[in-house]
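Colleague: sharing a model that was predicted from the sequence below.
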Amino acid sequence: MVSLKINNKTIQADENTTIMEAAKANGILIPSLCYLEGVHQVGSCRICVVEVEGSRNLQASCITKVSEGMTVKTNTKEVRKVRKVVYELMMSDHDDNCLVCSRSGGCEFQELGEWIQLQEENPYQGAHSKLGVKDISNPSIERDLSKCILCRRCITVCNEIQGIGIMENQNRGFDSFVGPTEGFELMDINCTFCGQCTTVCPVGALKERDATVNVWEALLDKNKRVVVQTAPAVRAALGEEFGYEPGTLVTGKMAAALRELGFDDVFDTNFAADLTILEEGTELLMRLKALISGDETSLPMITSCSPGWIKYVEHKFPDQLDHLSSCKSPHMMLGALAKSYYADQLDMDAKDMFVVSVMPCTAKKYEITREEMLGDVDAVLTTRELAKMIKDAGIDFVHLEDERFDNPMGLSSGAADIFGATGGVMEAALRTVYEIITGTEMPYENLHVQSIMGLEGIKEGSLLIDKTTPEWSGLEGVTVRYAAASGLSNAKILLDQIRQGTSPYHFIEIMACPGGCISGGGQPRLTTQAIREKRMEAIYREDEGKTLRKSHENEAIIHLYETYLKAPLGHKSHELLHTHYVKRNMYSK
Amino acid sequence: MMEKTCNCEAMTEQEKLKFIQDVIEDYDHDPSSLIQILHVAQNVYGFLPIEVQELIADQLDIPLSRVSGVVSFYSLFTTVPKGKYVIKICLGTACYVRGSKRVIERLEKILKIKLGETTEDLKYSLEITRCMGACGLAPAMSINEELYMQVNPDKLLGILENLEGGEA
């Protein structure tokens, strides 16, 4: 501990804390912009400068550590002046057409302007040098360089957390911009479209490609039957956009709002998550069976629900595609079923159906344009976009009465709820697979696989098959080893093991975003570790609140197999629910 | 580490590639040697085309955006081919005062290119440089390794002709 003075207040702080952290802990807030707790602390924007006695220059408080006897002033004339000039200079090259910016009202740069009380017109005319420079090469992410304030948060997230490195500073001085190599757009390179950059961008420079316009158009088209589905992680975060505490479940209000918006059928992607468990679980069993009988197979098998992860592996490990489950992601399964199974029930032409997926994800916007699955889903809205539509429609979300999802694709088990968090797909699969092999329930308290719960980047565990039904007797005595990773730099560690032939696992779950879909690229901004934890708790709460906890006990799924699909991995399943992958180069130019 | 030298102009594309790969090998594929490797690559190719940047990114297992970030940061690196003769005119204070601007204007006229450009036949590139320490004999300019002092715009044509003469 050291003792220091901030604004004449004597405080104690741990010697490893920064001036900004020490000040905050003692009720003194220092304005900042590029600083992002636990993620980006590099002092690139200089908004947070303070006066430190004995220092020649003002110091960036987000990176300057406290020291014994230090005297800091956060509000001197000089500090206030410099802060204002720094802001004005950033503004001078920023496209300030704020009224039509999608970040308006939720823009950190705007909020900062209000904080530091700018009162006069900006004295710096500015060149607005990047006006009109946009990257809309891809279906997921829009880059608008005229809004970028060069804070570099996206560089940190893309390089250090996701380990991909699409974003980097290019050129020098006034020509600087943040992005891929000059001449390349996101579609030309190994961008996974995970969208983590869009969740940390303080301004409107990085955001999802808008789908609301298309969805409104479909909703207002009398000849279209508009079907909507929502991913497990959306219900645990949507409330944040309406002032609820993080971790508040708004499942019922969300269903009501969707109906109010005019969607004809409000289905649940969780239904398809249960279906995924049956398809993917069976696929795993087939591979294990092949292993036992000495046939050729690819183990570990890896989950395929996360389209950012899929694109990553296609670019970075094109030699390892055999390890991926062939299952489409749950919302693609539901889309395919809506346009076949459900359209048949309605006796309508699938061409008149418009399927919308509300997802915590930006990569799903790309996924629906993949050739292999084109047409299954027509539009993807992020959680943030759905909130915008609800507000736009004048729906008083907070006062809505809870409603339920529609049949026949609205019922889901608790196992499907936890798909939204890292480790959840694995746990859901184990609940079903263990029971199929042994004929008994997984021997864990509350059906939770503790070893793979929580926000750690890589988690692992094993499960001994100590007894089997006669059909699976070959697996008796086998210890099934599994792992779950979230965040792509963690995924790389497990993939490197597979490539080197040292992977000890049979089954691996990977989610592209750190913490899983709960902190996906389409979720409300900003996602801190504390918010992740709360969303995760909410998801497990939803699971535990249900009596139906296992995918294979979902009656709507059982009915679907009996009346339509016949059996997991059957002919119809292959046609509708499975896909294949493509080897990709790192750069296509 | 010793700087590798090559008779680069005489090398085939394949030999150039092999040369760079060997250099990367010598540096143990260490990303912190990126600048040194780029330096060698530029010597071999005369510039740093995107294909070479991709190769280096791949071999060092770092993102292409980082390689191009470094290349585009330092003015020493170039992504466009340079001429056989790189003419650099000093724009330091003394040279400026003694009329280096006029030297530039005349060269632009003779070569029919602007500052920073290269002639279509890849013979001449025109650049500026900061003080070369020849202030006493300003204005100064350099053509490749050769230094020219007290440059008179009227003598430029002769200097260029002599270059080719010396070559022949």
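Modeller: Nice, I can see it.
Colleague: what stretches of the chain score poorly on pLDDT?
Modeller: As the question left the chain open, I've gone with chain A. Where chain A drops to pLDDT under 70, the residues are A:589.
Colleague: nope, chain B please
Modeller: Looking along chain B with the criterion set at pLDDT under 70, you get B:1-7, B:165-168.
Colleague: what segments of it are helices?
Modeller: Per DSSP state H, chain B has helices spanning B:13-26, B:34-45, B:50-60, B:64-73, B:93-97, B:100-111, B:156-167. These are given in chain order.
Colleague: identify the residues contacting the residue in the stretch 201-350 of chain A that chain B sits nearest to.
Modeller: The shortest separation between the stretch 201-350 of chain A and chain B is 10.5 Å, found at A:K316 (distances taken as C-beta to the nearest C-beta). For glycine as for every other residue, the C-beta is placed from the backbone atoms N, C-alpha and C. Contacts here follow C-beta atoms under 8 Å, 6 or more residues apart in numbering or on different chains; on that basis A:K316 touches A:N190, A:K492, A:L495, A:M586.
Colleague: 10 Å instead?
Modeller: Contacts of A:K316 were listed using C-beta atoms under 10 Å, 6 or more residues apart in numbering or on different chains, and they are A:G163, A:I164, A:N190, A:T192, A:L488, A:A491, A:K492, A:L495, A:D496, A:R584, A:M586.
Colleague: how about the residues of chain B that lie near chain A?
Modeller: Proximity of chain B to chain A is assessed by C-beta under 10 Å from any C-beta of the partner chain, with B:50-51, B:53-54, B:57-58, B:62-75, B:79 identified as the residues in range.
Colleague: 6 Å instead?
Modeller: Applying C-beta under 6 Å from any C-beta of the partner chain, we find that chain B lies next to chain A at B:P63, B:L64, B:S65, B:R66, B:S68, B:G69, B:S72, B:F73.
Colleague: the domain parsing of chain A - what is it?
Modeller: Structural domains of chain A, as assigned by automatic domain parsing, span the residue ranges A:2-92, A:278-326+A:412-520+A:542-577.
Colleague: ok, chain B next?
Modeller: When chain B is parsed with automatic domain parsing, its domains come out as B:8-73, B:85-167.
Colleague: counting neighbours, what do you get for whichever residue of chain B sits closest to chain A?
Modeller: Across chain B, the shortest distance to chain A (C-beta to the nearest C-beta) belongs to B:P63, at 2.8 Å. Burial of B:P63, expressed as a neighbour count using other C-beta atoms under 10 Å in any protein chain shown, amounts to 23.
Colleague: nearest residue to it in space, please, no chain neighbours.
Modeller: On the basis of C-beta to C-beta, 6 or more residues apart in numbering or on different chains, the spatially nearest residue to B:P63 that is not a chain neighbour turns out to be A:G165, at 2.8 Å.
Colleague: for A:H578, give its distance to A:A567.
Modeller: Taking C-beta to C-beta, to the nearest Å as the measure, A:H578 and A:A567 are separated by 13 Å.
Colleague: again with A:S329
Modeller: In this structure, A:S329 and A:A567 are 21 Å apart, going by C-beta to C-beta.
Colleague: just A:R549 next, same as before
Modeller: Noted for A:R549: a distance of 23 Å to A:A567, by C-beta to C-beta.
Colleague: before we move on, what about A:E78?
Modeller: Taking C-beta to C-beta as the measure, A:E78 and A:A567 are separated by 75 Å.
Colleague: now swap in A:I531 and tell me
Modeller: Applying C-beta to C-beta to A:I531 and A:A567 gives a distance of 41 Å.
Colleague: out of these two, which sits in the busier spot?
Modeller: For A:I531 against A:A567, the residue with the higher neighbour count under other C-beta under 10 Å is A:I531, and the figures read 20 against 12.
Colleague: that one is in what secondary structure piece?
Modeller: Here A:I531 is covered by helix A:529-544, with elements defined by DSSP states H and E.
Colleague: next, the buried residues of that helix.
Modeller: Buried residues in helix A:529-544, counted by 16 or more other C-beta atoms under 10 Å in any protein chain shown: A:I531, A:R532, A:E533, A:K534, A:R535, A:M536, A:E537, A:A538, A:I539, A:Y540, A:E542, A:D543.
Colleague: neighbours around the residue of chain A at minimum distance from chain B, how many?
Modeller: When scored by C-beta to the nearest C-beta, chain A has A:G165 as its residue closest to chain B, at 2.8 Å. Using other C-beta under 10 Å, A:G165 has 21 neighbouring residues.
Colleague: for it, which three-state class applies?
Modeller: Here A:G165 is recorded as coil under DSSP: H, G, I helix; E, B strand; the rest coil.
Colleague: and it, what does it touch?
Modeller: With contact taken as C-beta atoms under 6 Å, 6 or more residues apart in numbering or on different chains, A:G165 is in contact with A:N159, B:P63, B:S65.
Colleague: tell me where the stretch 1-150 of chain A has strands.
Modeller: Counting by DSSP state E, counting those that start in this stretch, the stretch 1-150 of chain A forms strands over residues A:2-6, A:9-13, A:49-52, A:59-60, A:71-73, A:134-135, A:141-144, given from the N-terminal end onward.
Colleague: please disregard the earlier target; I meant the stretch 401-550 of chain A.
Modeller: Listed in chain order, the strands found in the stretch 401-550 of chain A under DSSP E, counting those that start in this stretch are A:458-464, A:479-486, A:507-511.
Colleague: buried sites along the longest one?
Modeller: Judged by neighbour count (16+ other C-beta under 10 Å), strand A:479-486 contains these buried residues: A:V480, A:R481, A:Y482, A:A483, A:A484, A:A485, A:S486.
Colleague: ok, now stretch A:66-82?
Modeller: With burial defined by 16+ other C-beta under 10 Å, the residues of stretch A:66-82 counted as buried are A:V66, A:M70, A:V72, A:K73, A:T74, A:V79, A:V82.
Colleague: tabulate the CA atom coordinates of stretch B:44-58 in PDB.
Modeller: Once side chains and other backbone atoms are set aside, the C-alpha atoms of stretch B:44-58 remain, and they are given as PDB (Å, rounded to 0.1, in the frame of the first residue of the first chain):
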ATOM      1  CA  VAL B  44      16.100  -8.200 -52.600                       C
ATOM      2  CA  TYR B  45      12.900  -7.000 -54.400                       C
ATOM      3  CA  GLY B  46      13.500  -3.200 -54.400                       C
ATOM      4  CA  PHE B  47      10.200  -2.800 -52.700                       C
ATOM      5  CA  LEU B  48       7.700  -4.800 -50.500                       C
ATOM      6  CA  PRO B  49       4.900  -6.100 -52.700                       C
ATOM      7  CA  ILE B  50       1.900  -7.500 -50.800                       C
ATOM      8  CA  GLU B  51       2.800 -11.100 -51.700                       C
ATOM      9  CA  VAL B  52       6.200 -10.700 -49.900                       C
ATOM     10  CA  GLN B  53       4.400  -9.100 -46.900                       C
ATOM     11  CA  GLU B  54       2.000 -12.100 -46.800                       C
ATOM     12  CA  LEU B  55       5.000 -14.500 -46.900                       C
ATOM     13  CA  ILE B  56       6.700 -12.800 -44.000                       C
ATOM     14  CA  ALA B  57       3.400 -12.600 -42.000                       C
ATOM     15  CA  ASP B  58       2.900 -16.300 -42.600                       C
END
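Colleague: tell me the buried residues in it?
Modeller: For stretch B:44-58, burial by neighbour count (16+ other C-beta under 10 Å) applies to B:V44, B:Y45, B:G46, B:F47, B:L48, B:I50, B:V52, B:Q53, B:E54, B:L55, B:I56, B:A57.
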